[in-house]
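Trainee: just the structure for this:
(chains A and B)
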Amino acid sequence: MLAALRTALSRIRSLTSRARDDEEFDHEIQAHLEMFTEENIRRGMTDDEARREALLRFGGVTQLRESQREKRGLPQLQNIWQDLRYAVRGFRRSPGFAAIAIFTLAIGIGLNATLFTAFDAVALKPLPVKDPAKVVRLVRWFQSRGLGDLQYAYSYPEYVFYRDHNRSFSSLVAVSFPIRALLTVAQTSSPAGAASPALEHARGQLVSGNYFADLGITAILGRTFLPEENQTPGTHPVLVLAYPFWQRRFNSDPSTLGRIIKLNNTEFTIVGVAPKDFIGTGNPPLVPDFWAPLMMQPQLAFGSDWLNEPDNHQFQILGRLHNGIGRKQAQSEAQVLALQFGAAYTQRDRTIALTLAPAVFFGETDDPRFQAFVALLMILVGMILLVACANLANMLLARAAARQRKLACDWLLERAEAVSSANS
Amino acid sequence: MDPENKSGILQGTLDLMVLQTLDTMGQMHGYGIARRIEQVSEEALRLNQGTIYAALLRLIQKGWIQAEWGVSDNNRKAKFYSITRPGRKQLAKEAANWQRISGVIGRLLEKARS
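Mentor: This next block holds a predicted model:
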């Protein structure tokens, strides 16, 4: 064991002293042969006989030199180095071929890397919240076996019921699916624009008052929502802006704080900007432009009363587990609550089960649709890489066929040298 | 093309002989070791002398012997090898092992003959 380690170390050390080691070994063999020859002469042989006898008894000098060199260092490593240098020479000789080869591989590898990055971002990376391991997403399962985004959707009364009756969660937060609102920003800076205010849309999410606080998100500018902003419908027209929107629409201007903008003709005050890396908790992942308290629903999304309809599924619910409560345990409690709520209110489609999924962007990664999608992409991208490699292999094969003559010459020369040095 | 395979003796055996030689004789150069082994075997063992160097390299890498440049009796620059402390330990172990095995084989052959 120790000997094996010493051998490995010695081999690594000798990587730097290769030329010197070779030279020393030549000296050593030379000395050996001379001593042997002298002894043979002393025994009465002629000079020629003595020398021949010494060489004969020593064995193949060239072969020994080669095999010693291999055993002294790390032939694999040295061969790699030689191969690399050979490759670089090859590139220089035919830059066109090299460019095509590198390009082909780059495309193949690049596509794969991109796909994995995307997969990592949506499926493996947890939400950008504090202590994401304890945050779960509530997923419902319908009697009709309907699958998809609707499994993540709950009505506001349902959210309130879960929030007030559970013991497993230190908090539950609600966040709506993105809504579009007509945005009017008064142009304070340019007098020309004041006459005709810009007209555009912004996409936002309605969130419960504890959304930022309980997910552990603090504003980088201003504040997030206060508990009282979540009490009475229509009373607190305040907004938290997403960082990209603030950057894009307000040029990262700190004086944006306190500005008033109109959403669907209601004036809202901007009270904060979310941190750069907080890109929302949506499923599917969409970075909203702003967040508003869900009590502002009547002003932002007209035509329906989300806050009072038990069958109007508009919100996703995320829960933060109490310390010491496992996902299984919380899940069985949440399921009981879901069934109770379902029994108390008529539902279009009865919920028959409720599960807690890790809070990654795509929710359940063992959703078969998701898996099928990913498998398809993987196969597709794998094929691209395969085709790239096959093309490259073909080109190399063609080149190798053309190079056979040169290789044959090299080999012959090498042999000839070995034979002549053994005979000398 | 491994030179040591042509010598007709086991690789480990040659290592053991080299270790034993260095232990008895002290510092020696490669040629000296080769000659010594041949003489002790009363020329029954005609080494392919190059294989000695393969053995020496193995032993150096394992840390059982060490080498330094010196001057031989007839004023020639040569590399001298000597056994190290771990080498002595290894020699004792291998020698015991060898005796045990040769004892077993000896007894086996006795039985077969009788």
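Trainee: which bits of chain A sit near chain B?
Mentor: Along chain A, the residues adjacent to chain B under the rule C-beta under 8 Å from any C-beta of the partner chain are A:2-4, A:6-7, A:10-11, A:24-25, A:27-29, A:31-32, A:34-36, A:38-39, A:57-61, A:63-64, A:67-68, A:71-72. Placement of C-beta: from N, CA and C, glycine included.
Trainee: just the buried ones from those, in PyMOL syntax?
Mentor: Isolation of the buried members of those (16 or more other C-beta atoms under 10 Å in any protein chain shown) is achieved in PyMOL through the command below:
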select buried, chain A and resi 6+7+10+11+25+28+29+31+32+34+35+36+57+58+59+60+61+63+64+67+68+71+72
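Trainee: what comes up buried for the host helix or strand of B:F80?
Mentor: When secondary structure is defined using DSSP states H and E, the element that contains B:F80 is strand B:77-83. Applying a neighbour-count criterion of 16+ other C-beta under 10 Å, the buried positions in strand B:77-83 are B:78-81, B:83.
Trainee: and stretch A:389-398, by the same measure?
Mentor: Buried positions in stretch A:389-398, judged by neighbour count with 16+ other C-beta under 10 Å: A:L392.
Trainee: mean confidence for it?
Mentor: Mean pLDDT, computed over stretch A:389-398, is 84.
Trainee: and stretch B:83-99, by the same measure?
Mentor: For stretch B:83-99, mean pLDDT is 91.
Trainee: list the contacts for A:A174?
Mentor: When contacts are counted by C-beta atoms under 8 Å, 6 or more residues apart in numbering or on different chains, A:A174 touches A:154, A:156, A:159, A:207-208, A:211, A:294, A:315-317.
Trainee: next secondary structure after the helix or strand harbouring it?
Mentor: Following DSSP H and E, one finds A:A174 within strand A:169-176. On the C-terminal side of strand A:169-176, the nearest following helix or strand under DSSP H and E is strand A:179-185.
Trainee: if you average pLDDT over that next one, what comes out?
Mentor: For strand A:179-185, the mean pLDDT works out to 85.
Trainee: if we can go back for a sec, max pairwise distance over the contacts of A:A174: which two?
Mentor: Farthest pair in those (C-beta to C-beta) is A:Y154 and A:Y211. Separation: 14.5 Å.
Trainee: can you get me a residue count around the closest residue to A:E229 other than its chain neighbours?
Mentor: Across the structure, with C-beta to C-beta, 6 or more residues apart in numbering or on different chains as the measure, the residue nearest A:E229 apart from its sequence neighbours is A:H236 (4.0 Å). By the other C-beta atoms under 10 Å in any protein chain shown criterion, the neighbourhood of A:H236 contains 20 residues.
Trainee: same question for B:R88.
Mentor: The tally of other residues near B:R88 (other C-beta under 10 Å) stands at 14.
Trainee: ditto for the one 10 residues further on
Mentor: B:W98 has 14 neighbouring residues, counting by other C-beta under 10 Å.
Trainee: can you give me the strands in chain B?
Mentor: Chain-ordered strands for chain B, with DSSP state E as the definition, fall at B:28-29, B:65-71, B:77-83.
Trainee: for the longest helix anywhere in chain A, enumerate the helices and strands it packs against.
Mentor: As far as residue count goes, and with DSSP state H defining each element, the longest helix of chain A is helix A:368-423. If contacts are counted by 3 or more C-beta pairs under 8 Å, 6 or more residues apart in numbering or on different chains; DSSP states H and E, helix A:368-423 sits against helix A:61-72, helix A:95-119.
Trainee: JSON lines for the ones you listed, including mean pLDDT and distance to A:A219?
Mentor: Listed next are the helices and strands packed on helix A:368-423 as JSON lines, based on pLDDT from 0 to 100; distance: least, C-beta to C-beta, whole Å:
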{"stretch": "helix A:61-72", "mean pLDDT": "84", "distance to A:A219": "65"}
{"stretch": "helix A:95-119", "mean pLDDT": "82", "distance to A:A219": "28"}
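Trainee: which parts of chain B sit against chain A?
Mentor: Residues of chain B lying near chain A (C-beta under 8 Å from any C-beta): B:1-3, B:6, B:29-31, B:34-35, B:46-51, B:53-54, B:57-58, B:60-64, B:72, B:74, B:76-79, B:86, B:90.
Trainee: what is the least confident helix or strand in chain A?
Mentor: Of all regular secondary-structure elements in chain A, judged by mean pLDDT, DSSP states H and E, the least confident is helix A:191-195 with a mean of 45.
Trainee: tilt between the helix or strand following that one and strand A:169-176?
Mentor: Moving toward the C-terminus from helix A:191-195, the first helix or strand encountered (DSSP H and E) is strand A:198-207. Orientation check (axes from the mean of the first three to the mean of the last three C-alpha atoms, to 10 degrees): strand A:198-207 against strand A:169-176 gives 150 degrees.
Trainee: other SSEs contacting strand A:198-207?
Mentor: Using 3+ C-beta pairs under 8 Å, 6+ apart as the contact criterion, the elements in contact with strand A:198-207 are strand A:169-176, strand A:179-185, strand A:290-293, helix A:297-300.
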